[in-house]
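Enquirer: Here you go, sequence then predicted model.
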Amino acid sequence: MNATIDGYRYSEGMTSLDMPAVRTAAVDSVDALAPDDAATYAGWFACLADPTRVRLLHQVASHPAGITVGELAEALGIGQPTVSHHVRKLADVGFVTVHKDRTSTVVRVNPSCCTGLPHAADAVMGVLTPRPCCPDDLPDDVTVRRMREQDWDDVRRIYGEGIATRTATFTTEVPARDTLDEQWLPDHRWVAEIDGTVVGWAALSPVSGRDCYQGVAENSIYVGDGMRGRGVGKALLRTQVIAADEAGLWTLQTSIFPENRASIALHHSAGFRTIGCARTDRPTRRHLARHRLPRTSHPRRGLAMTEPPPPVDRAAIAADLERARIALHGLVEGASAEVLDRRSSGTRWTNEQLLFHMVFGYMVVRRLLVLVRVFSRLPDRVGRGFAWVLDAATPVFHEINYLGSCAAATVFDRRRMGRHCDRVIAELQRSLSKESETNLRRSMAFPVRWDPFFTETMTLEQVYRYPGKHFDFHRAQLTLG
């Protein structure tokens with residue numbers, strides 16, 4: 001192994017506030033940054049090009065339990081629509097997660113940012129250079145030695161203390177001694193002592209029984225309660241890494257919860273690099289289902305901070321379009337001329353005019369799709385300004401909306417309305433089938449005062465889903481019965 005675990009080590013980082021420790025010609029060559037990694041990092045940095053977005057992310061990261069959009073707006077002194085827009089952009093690249101709590105939108109930082117952003121910056125700035133095996137600034141009062149038979153009780157006690165933190169392992173009970181004895185490599189078990197008391201342990205486990213993986217192991221390091229932050233883990237990891245080098249192991253790897261920043265920093269100090277995130281659906285007492293785990297190991301891989309979002313359910317959107325088309329025919333064909341001329345409930349329209357307005361919801365989507373495709377490629381402030389202007393004109397819009405449906409219903413009346421609906425929905429179905437996943441996630445700011453189903457920022461996918469909600473809302477106002 002030539003005194004390294006994985007060939008490349010983190011450098012000491014910044015040598016001053018101004019100058020990164022860059023590579024020199026004397027340093028061995030390092031793999032070029034992969035195009036996919038470069039594209040990913042560029043997306044992250046582009047998202048943070050707006051200072052307001054940086055301030056917002058900092059505010060969210062300072063509230064681990066989450067913070068509402070309203071609280072963010074108050075803290076930053078900007079409007080809620082602006083905050084919502086920036087939150088959507090941060091969520092798109094995986095910096096934050098968003099969920100509803102009754103009527104409030106709660107924003108939380110994605111823990112993987114804690115490893116993803118520093119790694120990306122290091123990769124781009126060229127500070128991921130070879131470095132000595134491990135730091136040598138070890139505490140004087142910590143002694144590391146091989147584990148002995150009489151250490152098992154202390155080792156299992158410290159294991160239990162690690163489980164209790166809920167950030168160390170998925171394991172919920174301390175494994176039996178025989179289980180651990182069978183799992184751990186015999187020559188790679190270490191304990192740390194302070195004043196003769198065992199305060200931590202480290203062990204290696206094989207990742208596979210296949211011959212080709214004999215040089216690959218997974219490490220575990222646990223430090224007892226009250227002893228963390230004293231350099232115990234650093235001393236254990238240094239001993240573990242050097243012993244692995246001498247034994248001919250070529251790769252050490254581990255899985256760490258994103259919240260366990262101390263462990264991530266510890267491993268980085270010993271030359272480990274974050275190479276990706278894994279997901280698990282395994283249920284635990286800590287409700288960590290589908291939790292992302294940063295993996296640190298081989299350096300020739302970049303960090304995948306977030307997994308690709310699931311594909312848009314086009315079939316569901318298409319089915320909803322067809323549902324409305326069939327329902328519209330049933331409503332029109334099942335009503336007499338007298339019933340269609342009757343006033344609807346809660347609107348100024350007749351039933352016939354309201355039915356056209358329900359069709360109009362699908363007609364307008366064709367134009368909204370074009371707007372989203374255009375404005376999503378323009379600077380954010382352009383889209384926000386456009387939405388603001390439209391919102392300001394809301395009273396005029398509502399009057400035009402009313403009169404327009406009254407007039408159009410004389411052309412697309414009960415005899416033509418169904419056929420026109422068929423043509424519009426068929427066009428939307430064709431358009432939907434041709435959309436790429438990337439396009440369906442394009443978004444722009446919307447005038448929320450125009451329609452109760454408009455949100456501050458809407459994606460192309462949400463625009464395709466909008467007319468079904470609009471249709472069902474106005475269907476309840478019909479007085480056909």
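Expert: Cool, got the structure.

Enquirer: For the nearest residue in space to residue 240 that is not next to it in sequence, list each beta-bridge partner.
Expert: Nearest non-adjacent residue to residue 240, counting by C-beta to C-beta, 6 or more residues apart in numbering: residue 202, 4.7 Å away. Using the backbone N, CA and C atoms, a C-beta is placed for each residue, glycine as well. Going by DSSP bridges, residue 202 is paired in beta bridges with residue 190, residue 221.

Enquirer: residue contacts, residue 202?
Expert: 189-192, 219-222, 236-237, 239-240 (C-beta atoms under 8 Å, 6 or more residues apart in numbering).

Enquirer: Closest one of those to residue 87?
Expert: residue 221 (36.5 Å; C-beta to C-beta).

Enquirer: is it true that residue 465 touches residue 317?
Expert: Yes: judged on C-beta atoms under 8 Å, residue 465 makes contact with residue 317 at a distance of 6.1 Å.

Enquirer: residues near residue 230, how many?
Expert: 17 (other C-beta atoms under 10 Å).

Enquirer: Let's verify it: helix, strand, or coil?
Expert: The three-state label given to residue 230 by DSSP: H, G, I helix; E, B strand; the rest coil is coil.

Enquirer: I figured it hits residue 192, correct?
Expert: No: the pair residue 230 / residue 192 is not scored as a contact, 9.6 Å apart, by C-beta under 8 Å.

Enquirer: for the residue lying closest to residue 427 once chain neighbours are set aside, helix, strand, or coil?
Expert: Once flanking residues are discounted, residue 427 sits nearest to residue 366: 6.6 Å by C-beta to C-beta, 6+ apart. Secondary structure, three-state DSSP: residue 366 is helix.

Enquirer: Can you give me the pLDDT of residue 366?
Expert: Per-residue confidence at residue 366 stands at 91 (pLDDT).

Enquirer: for the one 5 residues further on, same thing?
Expert: What the model reports for residue 371 is a pLDDT of 92.

Enquirer: just checking, what packs against the host helix or strand of it?
Expert: In this assignment (DSSP states H and E), residue 371 forms part of helix 351-375. Packing partners of helix 351-375 (3 or more C-beta pairs under 8 Å, 6 or more residues apart in numbering; DSSP states H and E): helix 314-333, helix 337-340, helix 380-392, helix 394-411, helix 417-434, strand 443-445, helix 460-475.

Enquirer: Tell me who's in contact with residue 391.
Expert: The contact partners of residue 391, by C-beta under 8 Å, 6+ apart, come to 447-450.

Enquirer: hang on, the earlier thing: how near is the residue nearest to residue 240 to residue 422?
Expert: 69 Å (C-beta to C-beta, to the nearest Å).

Enquirer: Can you dump the C-alpha atoms of stretch 333-343 in CSV for me?
Expert: Output in CSV follows, covering the C-alpha atoms of stretch 333-343 (Å, rounded to 0.1, in the frame of the first residue of the first chain):
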residue,chain,number,x,y,z
GLU,A,333,-74.6,15.2,-22.9
GLY,A,334,-76.6,14.4,-19.8
ALA,A,335,-78.0,17.9,-19.3
SER,A,336,-81.0,19.5,-21.1
ALA,A,337,-80.9,23.0,-22.6
GLU,A,338,-82.9,24.3,-19.7
VAL,A,339,-80.5,22.9,-17.1
LEU,A,340,-77.5,24.3,-19.0
ASP,A,341,-79.0,27.7,-19.0
ARG,A,342,-79.5,27.6,-15.2
ARG,A,343,-77.3,29.7,-12.9
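
Enquirer: Show me which positions of it end up buried.
Expert: By 16 or more other C-beta atoms under 10 Å, the buried positions in stretch 333-343 come out as 335, 340.

Enquirer: Report the contact partners of the residue lying closest to residue 408 once chain neighbours are set aside.
Expert: Once flanking residues are discounted, residue 408 sits nearest to residue 356: 5.7 Å by C-beta to C-beta, 6+ apart. Counting by C-beta under 8 Å, 6+ apart, residue 356 touches 405, 408-409, 412-413, 417.

Enquirer: could you flag which of those are buried?
Expert: So, by 16+ other C-beta under 10 Å, the buried ones in those are 405, 408-409, 412-413, 417.

Enquirer: which of these lies closest to residue 150?
Expert: Set against residue 150, the nearest of those by C-beta to C-beta is residue 405 (85.5 Å).

Enquirer: what's near enough to touch the closest one?
Expert: 349, 353-354, 356-357, 360.

Enquirer: Can you tell me how far it is from residue 349?
Expert: To residue 349, residue 405 is 6 Å away according to C-beta to C-beta.

Enquirer: For the residue nearest to residue 148 when sequence neighbours are not counted, the count of nearby residues, please.
Expert: Leaving aside its sequence neighbours, residue 148 sits nearest to residue 191 (C-beta to C-beta, 6+ apart; 7.9 Å). For residue 191, the number of neighbouring residues by other C-beta under 10 Å comes to 21.

Enquirer: my guess is residue 191 contacts residue 145, does it?
Expert: Yes: counting by C-beta under 8 Å, residue 191 touches residue 145, with 6.3 Å between them.

Enquirer: So for stretch 56-73, first residue to last residue, what's the gap.
Expert: Its start and end residues considered, stretch 56-73 measures 9 Å (C-alpha to C-alpha, to the nearest Å).

Enquirer: got the buried residues for stretch 321-332?
Expert: Going by 16+ other C-beta under 10 Å, stretch 321-332 has these buried residues: 321, 324-325, 328, 331-332.

Enquirer: Let's see it as CSV, backbone CA atoms only.
Expert: Provided in CSV are the C-alpha atoms of stretch 321-332 (Å, rounded to 0.1, in the frame of the first residue of the first chain):
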residue,chain,number,x,y,z
LEU,A,321,-56.6,14.2,-18.5
GLU,A,322,-58.6,11.3,-19.9
ARG,A,323,-60.8,11.2,-16.8
ALA,A,324,-61.8,14.8,-17.2
ARG,A,325,-62.5,14.4,-20.9
ILE,A,326,-64.9,11.6,-20.3
ALA,A,327,-66.5,13.4,-17.4
LEU,A,328,-67.0,16.6,-19.5
HIS,A,329,-68.9,14.6,-22.2
GLY,A,330,-71.1,13.0,-19.6
LEU,A,331,-71.9,16.3,-18.0
VAL,A,332,-72.8,18.0,-21.3
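
Enquirer: Pull the residues that contact it.
Expert: 340, 355, 358-359, 362, 414, 417-418, 421-422, 425, 428-429, 432, 467-468, 471, 475, 478, 480.

Enquirer: Out of the residues you listed, which end up buried?
Expert: Buried among the contacts of stretch 321-332 (16+ other C-beta under 10 Å): 340, 355, 358-359, 362, 414, 417-418, 421, 425, 428-429, 432, 467-468, 471, 475, 478.

Enquirer: so how far is residue 272 from residue 264?
Expert: Distance from residue 264 to residue 272, counting by C-beta to C-beta: 9 Å.

Enquirer: same question, residue 45
Expert: According to C-beta to C-beta, residue 45 stands 24 Å off from residue 272.

Enquirer: The two: who's more crowded?
Expert: residue 272 (26 against 14).

Enquirer: Quick check: the more buried one touching residue 255?
Expert: No: Residue 272 sits out of contact with residue 255 when judged by C-beta under 8 Å, with a separation of 11.4 Å.

Enquirer: Show me whatever sits in contact with both of those two.
Expert: Common neighbours of residue 272 and residue 255 are not found (criterion: C-beta under 8 Å, 6+ apart).

Enquirer: quick one on the thing from earlier: which stretch among the helices and strands packed on helix 351-375 comes nearest residue 260?
Expert: Among the helices and strands packed on helix 351-375, strand 443-445 comes nearest to residue 260, with 33.5 Å by C-beta to C-beta.
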